[in-house]
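Asks: I would like the atomic coordinates for the input below:
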Amino acid sequence: MTVKHIEAIEGGSLEGASAQDRAASSLPCGRFAGRSEFAQLVRDALACAAREGWREIIVSDATFEDWPLGERALAEPLQAWARAGRKFTMLAQRYDEVSRRHARFVTWRRTWAHIVECRRCVVADPLDLPSAIWSPVWALRRLDLERSTGVCGNEPERRLQIKESLDEWLRKSTSGFPASTLGL
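Replies: Numbering: from 1, shown residues only. Next comes the predicted model:
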């Protein structure tokens with residue numbers, strides 16, 4: 001897929017920037033460093049997604065243990081974002097830390113199971129699975145998990161590169177982290 005192809009899918013180039021493109025430009029572009037800056041970028045991205053109605057979000061991490069998913073500051077924008085026609089895809093190697101650390105997110109996921117798809121890639125080395133957020137208008141990728149450093153931005157090339165990487169991992173994944181468990 002080329003940059004021009006992804007721009008056509010998303011409804012045009014940045015020259016004729018849509019409202020979503022302009023909103024995403026309010027999110028930072030460039031390098032970030034540190035856990036607190038990473039966590040704030042996650043919060044800001046999901047708040048922007050709720051405000052601007054991003055139609056699709058993909059999040060990926062081996063365990064999501066150091067993501068702020070359980071915070072009230074994240075639960076409220078996710079709730080505001082969720083509605084019919086939206087899609088939230090989550091990719092992890094394992095979900096035990098999500099269940100253990102992010103109770104608010106688990107509750108939200110259960111409520112919105114019809115728009116949330118959780119995928120699991122058990123064959124992935126935790127260091128190889130991307131730690132990223134992708135949307136049609138903005139993307140983020142952590143390059144060094146230990147120091148929580150990475151890059152983010154709304155450039156079509158960056159979004160395309162992250163999307164292609166995530167698509168490759170999603171092809172290797174299976175359904176995981178069910179919204180509820182049935183038992184007798």
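Asks: mind listing what's buried in the helix or strand hosting Q40?
Replies: Secondary structure assigned from DSSP states H and E places Q40 in helix 35-52. Using 16 or more other Cβ atoms under 10 Å as the test for burial, helix 35-52 gives F38, A39, L41, V42, D44, A45, L46, A47, C48, A49, A50, E52. Every C-beta, even on glycine, is put in place using the N, C-alpha and C of the backbone.
Asks: in the very next helix or strand once past it, what's buried?
Replies: Later in the chain than helix 35-52, the nearest helix or strand by DSSP H and E is strand 56-60. For strand 56-60, the neighbour count (16+ other Cβ under 10 Å) marks I57, I58, V59, S60 as buried.
Asks: OK, contacts around A73?
Replies: Applying Cβ atoms under 8 Å, 6 or more residues apart in numbering to A73 gives the contacts R43.
Asks: alpha carbons of the host helix or strand of it, as CSV, please.
Replies: Applying DSSP H and E as the criterion places A73 in helix 72-81. Listed next in CSV are the C-alpha coordinates belonging to helix 72-81 (Å, rounded to 0.1, in the frame of the first residue of the first chain):
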residue,chain,number,x,y,z
ARG,A,72,-10.7,7.5,34.9
ALA,A,73,-9.1,10.1,32.6
LEU,A,74,-9.0,7.5,29.9
ALA,A,75,-12.3,5.7,30.6
GLU,A,76,-14.4,8.9,30.0
PRO,A,77,-13.0,9.6,26.5
LEU,A,78,-13.3,6.0,25.5
GLN,A,79,-17.0,6.0,26.6
ALA,A,80,-17.6,9.3,24.6
TRP,A,81,-15.8,7.8,21.6
